[in-house]
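Undergrad: I need the structure of the sequence given here:
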Amino acid sequence: MDHVITTERQPIKLWLNDIEDGALAQAKHLANLPFAFKHIALMPDCHQGYGMPIGGVMAARGVIVPNAVGVDIGCGVMAVKTNLEHHDIKAGELKQVLGAIRQFVPVGFEKHRDDPSGQLTSKMSNGYIPEGIVEREWDNAVRSLGTLGGGNHFIEIQAGSDGYVCLMVHSGSRNLGFQVAKHYNNIAVASNKEWFSAVPKEHKLAFLPLDSAEGYEYLCEMRYCVGYAATNREIIMAKVKQAMAAIIDVEFFEHIDIAHNYAAMENHFGQNVMVHRKGAIRARNGEIGLVPGSQGTSSYIIEGKGCQDSFESCSHGAGRRMSRTQARRELDLADEKKRLDDAGIIHSVCNKKDLDEAAGAYKDIMTVMANQADLVRVLVELEPLAVIKG
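TA: Model prediction:
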């Protein structure tokens with residue numbers, strides 16, 4: 001931990017020393033919430049978000065805050081180790097695999113014409129609420145399964161420090177999570193106004209009591225979206241493995257799957273509290289996790305150390321240091337392409353519009369990992385070989 005801010009109602013514990021003003025202001029809003037428990041924890045990838053900073057962890061008593069989970073509910077990362085030794089894989093084979101993946105996995109706003117899994121015909125699963133948002137959005141949600149989406153979502157083929165090739169997918173709940181988040185945040189805003197809540201509307205941290213019907217319904221549909229996002233990554237990964245197996249003789253091991261936008265009831269400091277992780281992952285002692293880097297930089301398979309002060313959490317990635325607009329305006333396209341080309345990475349930085357996902361738009365992942373040495377230990381470092389961006 002770098003330092004602690006003690007000027008607010010609750011302390012703010014930081015695992016970084018370069019926090020931007022906007023993110024710090026949001027953290028102070030969190031620390032002054034009447035239901036915030038013990039302290040606010042800011043991971044080393046922390047940057048400004050909507051309402052709550054990304055890379056923030058908040059434990060709350062008796063309530064749940066939709067904007068402290070975010071709009072891409074359940075977004076996360078899945079990784080699968082292969083039996084391929086990375087020095088044996090050729091650039092030509094990688095390009096063929098990427099071409100096959102693009103045939104199987106829609107990206108951006110594209111989606112399937114029907115249920116791509118052939119399995120999800122029943123809506124009756126964990127978190128389903130009759131006549132809720134999931135039911136309303138079902139037809140679109142089914143066709144969005146197995147699609148990557150846009151923004152910082154990616155499919156990456158990586159070389160592990162253990163000598164083997166690894167596959168990684170970063171994606172979330174697509175538009176379903178957005179619709180659930182928007183619906184329940186609107187209810188929270190209206191309810192807080194009716195209750196004359198002490199939480200200022202402009203802080204965008206409206207809450208729902210856990211013992212209310214609306215709070216229960218949000219919790220259920222949020223959990224559904226977490227499961228939906230995990231299923232989405234599973235389907236994408238199955239297609240990635242299919243694409244690779246069509247080109248290369250390969251075997252695959254068990255996957256690791258980690259979500260980084262959700263809330264869950266956990267016991268910390270002797271109390272049961274609702275832990276909100278927005279751009280942070282759980283890192284209990286001995287728990288295996290994933291911390292992806294930016295395009296062209298290392299990712300990591302990690303093991304948690306169970307740090308109580310972070311509510312047993314760590315960073316979910318590198319974290320932005322520039323907004324998308326700023327990155328397109330300030331980064332040099334030739335420099336960013338050269339950085340990737342010189343490393344021999346098959347990448348997705350081709351035009352000025354791609355600069356918002358260039359490595360220069362993100363924090364140094366090595367600094368991020370150094371700042372959370374008390375939270376996790378690195379098991380395997382993963383260097384990128386080829387990447388598809390959403």
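Undergrad: quick one: pLDDT of residue 196?
TA: pLDDT for residue 196: 83.
Undergrad: the one 3 residues further on now?
TA: The predicted local distance difference test score for residue 199 is 92.
Undergrad: next: residue 110.
TA: Taking residue 110 on its own, its pLDDT is 77.
Undergrad: likewise residue 120?
TA: For residue 120, the predicted pLDDT is 50.
Undergrad: flag the shaky bits of the stretch 151-300 of the chain, pLDDT-wise.
TA: Judged by pLDDT under 70, the stretch 151-300 of the chain has no weakly predicted residues.
Undergrad: ok, which stretches of it are helices?
TA: 174-194, 213-247 (DSSP state H, counting those that start in this stretch).
Undergrad: okay, the angle between the longest one and helix 174-194?
TA: Right, helix 213-247. Between the axes of helix 213-247 and helix 174-194, defined by axes from the mean of the first three to the mean of the last three Cα atoms, to 10 degrees, the angle is 160 degrees.
Undergrad: report the buried residues of helix 213-247.
TA: Within helix 213-247, the residues scored as buried using 16 or more other Cβ atoms under 10 Å are 214-215, 217-241, 243-244, 247. No exception for glycine: its C-beta is placed from N, CA and C like everyone else's.
Undergrad: repeat that for stretch 249-268.
TA: Buried, per 16+ other Cβ under 10 Å, within stretch 249-268: 250, 252, 255-263.
Undergrad: just the CA coordinates for it, please, in PDB.
TA: Output of stretch 249-268 as PDB, limited to C-alpha atoms (Å, rounded to 0.1, in the frame of the first residue of the first chain):
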ATOM      1  CA  ASP A 249      -2.100 -30.000 -33.600                       C
ATOM      2  CA  VAL A 250      -2.800 -28.800 -30.000                       C
ATOM      3  CA  GLU A 251      -4.300 -29.800 -26.700                       C
ATOM      4  CA  PHE A 252      -5.900 -27.600 -24.100                       C
ATOM      5  CA  PHE A 253      -5.900 -27.600 -20.300                       C
ATOM      6  CA  GLU A 254      -8.500 -26.300 -17.800                       C
ATOM      7  CA  HIS A 255      -9.500 -22.700 -18.000                       C
ATOM      8  CA  ILE A 256      -9.200 -19.900 -15.500                       C
ATOM      9  CA  ASP A 257     -12.100 -17.400 -15.500                       C
ATOM     10  CA  ILE A 258     -12.200 -14.200 -13.400                       C
ATOM     11  CA  ALA A 259     -14.900 -11.400 -13.300                       C
ATOM     12  CA  HIS A 260     -14.000  -7.900 -12.400                       C
ATOM     13  CA  ASN A 261     -17.300  -5.900 -12.300                       C
ATOM     14  CA  TYR A 262     -19.700  -7.300  -9.700                       C
ATOM     15  CA  ALA A 263     -20.900  -7.100  -6.100                       C
ATOM     16  CA  ALA A 264     -21.000 -10.000  -3.600                       C
ATOM     17  CA  MET A 265     -21.800 -10.600   0.100                       C
ATOM     18  CA  GLU A 266     -18.500 -11.400   1.900                       C
ATOM     19  CA  ASN A 267     -17.300 -11.400   5.500                       C
ATOM     20  CA  HIS A 268     -14.600  -8.800   6.200                       C
END
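Undergrad: that older thread, and the helices of the stretch 151-300 of the chain: which comes nearest residue 130?
TA: Across these, residue 130 has its closest neighbour in helix 213-247 (10.3 Å, Cβ to Cβ).
Undergrad: among the helices of the stretch 151-300 of the chain, which is nearest residue 76?
TA: Here helix 213-247 is closest among those (Cβ to Cβ), at 6.3 Å.
Undergrad: okay, the buried residues of stretch 249-268 in a markdown table with distance to residue 134 next?
TA: As requested, the buried residues of stretch 249-268 are exported to a markdown table (distance: Cβ to Cβ, whole Å):
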| residue | distance to residue 134 |
| --- | --- |
| 250 | 36 |
| 252 | 31 |
| 255 | 25 |
| 256 | 26 |
| 257 | 20 |
| 258 | 23 |
| 259 | 17 |
| 260 | 21 |
| 261 | 17 |
| 262 | 16 |
| 263 | 17 |
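Undergrad: filter the residues you listed down to the ones in strands?
TA: Counting by DSSP state E, the part of these found in strands is 252, 255-259, 261-263.
Undergrad: give me the buried stretch members for stretch 289-306, please.
TA: 289-305.
Undergrad: figure out the length between the terminal residues of that stretch.
TA: 12 Å (Cα to Cα, to the nearest Å).
Undergrad: so what's the gap between that stretch and the chain middle?
TA: For stretch 289-306, the gap between its own C-alpha mean and the chain's C-alpha mean amounts to 12 Å (Cα atoms, centre = their mean, to the nearest Å).
Undergrad: next: stretch 176-192.
TA: 20 Å.
Undergrad: dump the C-alpha coordinates for it into PDB.
TA: Taking Å, rounded to 0.1, in the frame of the first residue of the first chain, the C-alpha atoms of stretch 176-192 are listed here in PDB:
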ATOM      1  CA  LEU A 176     -27.600  -7.100 -21.400                       C
ATOM      2  CA  GLY A 177     -25.400  -5.800 -18.500                       C
ATOM      3  CA  PHE A 178     -25.800  -2.300 -19.700                       C
ATOM      4  CA  GLN A 179     -29.600  -2.500 -19.800                       C
ATOM      5  CA  VAL A 180     -29.800  -4.100 -16.300                       C
ATOM      6  CA  ALA A 181     -27.400  -1.400 -14.900                       C
ATOM      7  CA  LYS A 182     -29.300   1.500 -16.500                       C
ATOM      8  CA  HIS A 183     -32.700   0.200 -15.400                       C
ATOM      9  CA  TYR A 184     -31.900  -0.300 -11.700                       C
ATOM     10  CA  ASN A 185     -29.700   2.900 -11.400                       C
ATOM     11  CA  ASN A 186     -32.700   4.900 -12.700                       C
ATOM     12  CA  ILE A 187     -34.900   3.200 -10.000                       C
ATOM     13  CA  ALA A 188     -32.200   4.000  -7.400                       C
ATOM     14  CA  VAL A 189     -32.000   7.700  -8.500                       C
ATOM     15  CA  ALA A 190     -35.800   8.100  -8.300                       C
ATOM     16  CA  SER A 191     -36.000   6.300  -4.900                       C
ATOM     17  CA  ASN A 192     -33.200   8.300  -3.400                       C
END
